[in-house]
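Please find the sequence and the predicted model below.
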Amino acid sequence: MKRIPLLFFVCAALLTHSFAAAEAPDAELDKIADEFIRGWLAAHPLVATSLGFHEYDGRISDFTRLSIDAELSRLKRFDERLKKIDLAKLGARAAVDLRILQSAIRRDIFDIQEFGTFENNPMTYAQALDVNVYIKRNFAPLEDRVRSIIAVENQLPNVIIAAKTNLAPVLPQPYVELAIQIARGAADFLKKDLVEALKELKDEKLLGAFAMSNRKASLALLEYANWLEKEKLPKATAPWALGEEKYRRLLAEGELVDMPSAQ
């Protein structure tokens with residue numbers, strides 16, 4: 001159920017793309033794209049780490065209402081800036097980049113405003129802690145990666161606080177049921193698989209710090225699952241429907257698919 005953001009791939013493509021000497025409109029797009037993506041990576045540090053930007057190691061997204069509203073405003077500002085670029089004056093590659101970037105931004109806006117990702121989907125928070133990149137990739141000494149894991153785990157209780165603050169009183173039943181499963185599965189992963197993956201760690205002080213943060217994070221996930229089961233599941237409703245008009249707009253703006261939704 002975890003959607004890989006289109007912007008993940010946009011970041012990977014644009015940040016590794018070597019732009020040739022460009023005309024003014026192309027250069028302006030390059031500048032805006034770079035500025036936007038740097039900000040987007042800062043808002044999604046676990047994605048940034050997975051892309052190799054290790055200045056974001058040890059960080060997790062901020063799910064407070066203030067941060068969500070700030071990111072939505074930022075997305076809208078960049079969407080407006082991109083609208084002002086004349087597509088006809090861009091080179092072929094830049095024209096494609098513009099459409100892809102606009103689509104990705106509008107999909108993120110749609111997710112926040114129309115899907116209500118942070119209000120209607122408790123899975124958003126259940127899967128917020130993804131430390132796999134720190135154990136699957138040997139991009140730094142094990143001790144440094146464990147320090148990053150500890151830092152991420154210590155921030156998880158704040159994510160759960162934000163979840164309880166942000167989530168709507170009544171949620172779609174399938175979302176709640178899946179979020180409970182995800183949260184309990186994540187807690188089990190932390191207590192078993194993550195501990196096993198770090199068995200080569202010998203630093204006793206670091207092991208102690210990890211044991212504390214890992215316990216704190218796993219308990220936070222279990223408490224979240226229990227809270228959903230007790231407080232949200234009894235009041236949950238049938239699956240939430242987006243509706244034809246919004247779905248058609250999602251396809252057109254977020255997926256660049258311009259055809260009747262029935263097809």
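Now that the structure is in, tell me what you want to look at.

Where does N138 sit: helix, strand or coil?
coil (DSSP: H, G, I helix; E, B strand; the rest coil).

and it, how many residues sit next to it?
When neighbours are defined as other Cβ atoms under 10 Å, N138 has 9 of them. For the C-beta atoms, the positions are set from N, CA and C on the backbone; glycine is no exception.

Please apply the same query to E55.
Around E55 there are 11 other residues, counting by other Cβ under 10 Å.

ok, it - contacts?
A48 (Cβ atoms under 8 Å, 6 or more residues apart in numbering).

In a helix, L29, correct?
Yes: under three-state DSSP, L29 sits within a helix.

Look up phi and psi at R137.
Phi and psi for R137, reported as degrees, to the nearest 10, are phi -120, psi 130.

for G39, that is, sorry about that
According to degrees, to the nearest 10, G39 has phi -70, psi -40.

Can you report how many residues lie near the closest residue to P25 other than its chain neighbours?
With sequence-adjacent residues excluded and distances taken as Cβ to Cβ, 6 or more residues apart in numbering, P25 is closest to K89, at 4.4 Å. Using other Cβ under 10 Å, the number of residues around K89 comes to 13.

K89 against A27, yeah?
No: the criterion here is Cβ atoms under 8 Å, and K89 misses it with A27 at 11.4 Å.

pLDDT score assigned to the spatially most central residue of the chain?
The chain has H44 as the residue nearest its centroid, 5.5 Å off, counting by Cα atoms, centre = their mean. H44 is assigned a pLDDT of 96 by the prediction.

Just checking, which helix or strand of this structure averages the lowest pLDDT?
helix 6-16 (a mean of 52; mean pLDDT, DSSP states H and E).

quick one on the thing from earlier: nearest residue to the residue nearest to the centre of the chain other than its sequence neighbours?
Leaving aside its sequence neighbours, H44 sits nearest to S61 (Cβ to Cβ, 6+ apart; 5.9 Å).

Now for the one you found: which residues touch it?
Shown in contact with S61 (Cβ under 8 Å, 6+ apart): A43, H44, P45, L46, S67, A128, V159.

Of these, just the buried ones, ChimeraX syntax please.
Applying 16 or more other Cβ atoms under 10 Å to the contacts of S61, the buried members can be selected in ChimeraX as follows:
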select :43,44,45,46,128,159
